[in-house]
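Student: here is my input; please provide its structure:
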Amino acid sequence: MARFVYVQTRGSEAPERCFTVFFMASVARAMDDDADIIFTQTGLSIFARDFADNVLALDGSRKTLADFMRNAHEQGVTFYGCRLSLPLVNIEPSAVSWPITWIGAADFHSLLLEADRAVYLS
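Tutor: Residues are numbered from 1 along each chain as shown. As a prediction, this is how the structure comes out:
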């Protein structure tokens, strides 16, 4: 079993780029690998109230970004948010309704060191 850490750096400014990280992490879990996602830079903006509920996948499935997020979480993917990026997206941690663990730079670094593979998505 491998441990994957995905780093999502894009958010509401490029909604079409926000689905892949959840899809990839869900696939890793389906293959019995561990998967975590770190949201940093503007990647945190997808956690703004109602954003994920209103962004549809481009595949015509009528699934929302929230559906992809929920699926990943239900499969055991852990979400981490970089506290240092919060000022970039003007979101307070208490306003985020998704299960997310807030981390700092040292935690971020440790997660990457502990991973078998780190994948950056932007």
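Student: C-alpha only now, for contacts and for neighbours.
Tutor: Noted.
Student: so Arg10 sits right up against Phe19, yeah?
Tutor: No: applying CA atoms under 8 Å as the test, Arg10 and Phe19 come out as separate, 10.5 Å apart.
Student: got the buried residues for stretch 112-122?
Tutor: Neighbour counts over stretch 112-122 (16 or more other CA atoms under 10 Å) mark Leu112, Ala115, Ala118 as buried.
Student: cool, and stretch 79-95?
Tutor: Quick answer for stretch 79-95 (16+ other CA under 10 Å): Phe79, Tyr80, Gly81, Cys82, Arg83, Ser85, Leu86, Val89, Ile91.
Student: looking at those residues, which are in strands?
Tutor: Phe79, Tyr80, Gly81, Cys82 (DSSP state E).
Student: any idea how far Thr42 lies from Ala95?
Tutor: Note on Thr42: its distance to Ala95, by CA to CA, to the nearest Å, is 16 Å.
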